[in-house]
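Undergrad: sequence unknown, structure follows:
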Ligand code: RB5
């Protein structure tokens, strides 16, 4: 599985933890920064990951900022991106089962490291449930199509 990851300065420490966790033969990691404590703007790094998930260059994305809020706003602007701000293993599991989440968003200042490891493992290993949730995701795709027609 190809996973793109990025953070802003507020998510840097958490990103480092997650990159270590992802070092695994079945996973190819693409790290789009940031790489230092210097203050940066989360939309720049969020866009790097969300655009690659949107155009299917990678299978999934992980984004971390202070609260996860800014990264969520950015990522969900991209067609086909279903970015979910998760707080624990339960929300991570539900985000896969019901929402077919393809971008996991984490608050680096709001979530404990131990919880995050569990969340990431759960998010990676849980499959989309399909069934009635397909219809709902179809409605989201339909909204995206209608909005993009208005832009054209
Ligand atoms: C940076 O200070 C902070 O605003 C950012 O990491 C994020 O929490 C925004 O939503």
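TA: Thanks, I have the structure now. This is a predicted model, so every value here is computed, not measured. Numbering: from 1, shown residues only.

Undergrad: host element of residue 63?
TA: The secondary structure element spanning residue 63 is strand 60-65 (assigned by DSSP states H and E).

Undergrad: now that strand: buried residues?
TA: Using 16 or more other CB atoms under 10 Å as the burial criterion, the residues of strand 60-65 that qualify are 60-65. For the C-beta atoms, the positions are set from N, CA and C on the backbone; glycine is no exception.

Undergrad: I'd guessed residue 96 sits against residue 126; true?
TA: Yes. With contact defined as CB atoms under 8 Å, residue 96 reaches residue 126; the gap is 3.8 Å.

Undergrad: for residue 147, see how far away residue 125 is.
TA: Distance, residue 125 to residue 147, by CB to CB, to the nearest Å: 33 Å.

Undergrad: what's the spacing between the top helix by length along the chain and its chain's center?
TA: Longest helix in the chain by number of residues (criterion: DSSP state H): helix 132-151. For helix 132-151, the distance from its own C-alpha centre to the chain's C-alpha centre is 19 Å (CA atoms, centre = their mean, to the nearest Å).

Undergrad: contacts for the helix or strand of the chain with the lowest mean pLDDT?
TA: Taking all helices and strands of the chain together, the one with the lowest average confidence (mean pLDDT, DSSP states H and E) is helix 132-151, at a mean of 94. Here helix 132-151 makes contact (CB atoms under 8 Å, 6 or more residues apart in numbering) with 79-80, 82, 97-100.

Undergrad: TSV for those, including secondary structure and distance to residue 12?
TA: Written out in TSV, the entries for the contacts of helix 132-151 read as follows (DSSP: H, G, I helix; E, B strand; the rest coil; distance: CB to CB, whole Å):
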residue	secondary structure	distance to residue 12
79	coil	28
80	coil	27
82	coil	25
97	helix	30
98	coil	30
99	coil	27
100	coil	28
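
Undergrad: turn the buried ones among those into a named PyMOL selection, would you?
TA: Under the burial definition 16+ other CB under 10 Å, those of the contacts of helix 132-151 that qualify are selected in PyMOL by:
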select buried, resi 82+98+99+100
